[in-house]
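Enquirer: Provide a 3D model corresponding to the input given below.
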Amino acid sequence: MSRWSSSRTQTMENTLAVPRLPPHDPETPALLVVDMHTGGEPLRIVVAGCPEVAGPTLLAKRRYMRQYLDHVRQRLMFEPRGHRDMYGAVLVPSELPDAHLGVLFLHNEGYSSMCGHAVLALGRFALDFGLVPAPLPDAHEALVNIHCPCGLVAAFVECEGGRSRGPVRFHSVPAFALATDLLVDVPGHGKVIVDVAYGGAFYAFVSAEKLGLDIGSAKTRDLVDAASAVTEAVKAQFKINHPDSEDLAFLYGTILTDGKDAYSEEPTTNICVFADEQVDRSPTGSGVTARVALQYHKGLLELTQTRAFRSSATGSVFTGKAVREAKCGEFKAVIVEVSGQAHYTGTASFTVEDDDPLKDGFLLK
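Expert: Next comes the predicted model:
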């Protein structure tokens with residue numbers, strides 16, 4: 001490289017190293033985010049730029065954001081700033097006195113009631129960014145109480161010197177089996193036996209083999225199509241109810257499994273397809289919660305017995321176990337502990353130009 005080129009390169013690097021926003025609409029604040037992933041599943045955490053989300057309760061805030069601020073979700077989740085499988089979190093105040101923070105979860109279709117991979121990441125984020133009291137210098141774990149739309153979830157963050165280090169675990173809201181051995185007519189697959197369970201969100205569970213697929217070798221597109229067909233069939237043929245709130249009474253998606261539900265020291269593999277055919281890259285924290293509750297309900301898993309769950313998409317692993325029995329309305333439930341590792345991937349400032357016809361994003365399918 002010539003002396004002139006080296007000088008120009010150095011000048012350019014020095015210029016770009018100074019944080020500065022590109023030309024943008026001055027009436028539209030930049031959306032500042034911290035990006036993370038847990039087991040390969042992304043999480044885009046909004047740290048500044050989102051308008052105030054009004055409402056006396058977290059569920060009211062969720063309704064308000066859906067009605068008045070959905071452009072924020074679209075700008076961050078959709079292309080060109082995101083992609084159809086992006087996932088996000090907006091931090092909001094909680095009305096619960098024990099909560100350190102409240103969170104609204106964002107995806108390609110709307111707003112979920114629970115997200116385990118996000119809780120694992122937010123535990124680290126809350127500790128590292130000072131959203132919780134600093135632990136004692138010799139503490140090896142910090143408690144982060146996160147108010148999710150489904151309820152209060154306790155995250156336990158491994159730490160050293162007041163900073164996060166290593167895995168995070170969380171204790172779920174009461175999780176339970178809603179229906180087992182449900183016979184559902186799935187177009188293209190005939191009558192299929194399906195289970196429905198709740199882990200902060202409702203999922204349908206079915207062995208991929210019952211749909212003529214090998215979860216270890218099938219193409220992702222084939223798994224997505226099959227899972228989506230199950231989701232739509234269950235929605236049409238079975239009414240979802242939650243004893244606490246109608247806001248929670250919806251089927252979030254379908255989890256296809258390898259059928260290995262009986263306890264084993266070997267991981268069991270699954271893939272979760274939720275929202276608008278969105279594919280979870282992780283084993284799915286709320287899905288693991290629901291699956292542990294289902295296995296406990298069927299007598300396949302004992303209290304405190306740890307099971308490993310592997311994502312067929314990335315091979316990443318979460319562990320889960322039922323730590324104690326609980327109740328959710330009239331349902332016998334369990335509190336499930338899920339553990340996994342989250343990592344930071346970067347930060348970004350997203351801006352809008354007023355004359356951009358695609359400023360609110362788009363999705364290709």
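
Enquirer: what separates the residue nearest to the spatial centre of the chain from Phe78, distance-wise?
Expert: In the chain, the residue lying closest to the centroid (Cα atoms, centre = their mean) is Cys115, at 3.3 Å. Using Cβ to Cβ, to the nearest Å, one gets 18 Å for the distance from Cys115 to Phe78. The C-beta positions use only the backbone N, C-alpha and C, and glycine is treated the same way.

Enquirer: Please apply the same query to Gly346.
Expert: Using Cβ to Cβ, one gets 19 Å for the distance from Gly346 to Phe78.

Enquirer: So if I had to pick from these two, which one is more boxed in?
Expert: Between Gly346 and Phe78, counted using other Cβ atoms under 10 Å, the more crowded position is Phe78 (19 against 8).

Enquirer: ok, now which ones touch the more buried one?
Expert: Counting by Cβ atoms under 8 Å, 6 or more residues apart in numbering, Phe78 touches Arg84, Met86, Asn108, Asp360, Gly361, Phe362, Leu363.

Enquirer: how about a cut-off of 10 Å?
Expert: With contact set as Cβ atoms under 10 Å, 6 or more residues apart in numbering, Phe78 has these partners: Arg84, Met86, Asn108, Leu358, Asp360, Gly361, Phe362, Leu363, Leu364.

Enquirer: Please produce JSON lines containing these, extended by pLDDT and neighbour count.
Expert: Putting the contacts of Phe78 into JSON lines (pLDDT from 0 to 100; neighbours: other Cβ atoms under 10 Å) gives the following:
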{"residue": "Arg84", "pLDDT": "96", "neighbour count": "19"}
{"residue": "Met86", "pLDDT": "98", "neighbour count": "22"}
{"residue": "Asn108", "pLDDT": "97", "neighbour count": "21"}
{"residue": "Leu358", "pLDDT": "97", "neighbour count": "9"}
{"residue": "Asp360", "pLDDT": "94", "neighbour count": "14"}
{"residue": "Gly361", "pLDDT": "96", "neighbour count": "17"}
{"residue": "Phe362", "pLDDT": "97", "neighbour count": "11"}
{"residue": "Leu363", "pLDDT": "94", "neighbour count": "14"}
{"residue": "Leu364", "pLDDT": "89", "neighbour count": "7"}
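
Enquirer: Narrow those to those in helices?
Expert: Assigned to helices by DSSP state H, none of the contacts of Phe78 qualify.

Enquirer: Need those in TSV (columns: distance to Pro97).
Expert: Output for those, formatted as TSV (distance: Cβ to Cβ, whole Å):
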residue	distance to Pro97
Arg84	38
Met86	33
Asn108	34
Leu358	43
Asp360	37
Gly361	37
Phe362	42
Leu363	39
Leu364	44
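
Enquirer: Between those, which sits nearest Phe238?
Expert: Asn108 (23.8 Å; Cβ to Cβ).

Enquirer: for the closest one, phi and psi?
Expert: The phi/psi pair for Asn108 (degrees, to the nearest 10) reads phi -70, psi -20.

Enquirer: what do you get for the one 10 residues further on?
Expert: Per-residue torsions, Ala118: phi -70, psi -40 (degrees, to the nearest 10).

Enquirer: I'd assumed Gly88 was in contact with it.
Expert: Yes. At 8.5 Å, Ala118 counts as touching Gly88 under the criterion of Cβ atoms under 10 Å.
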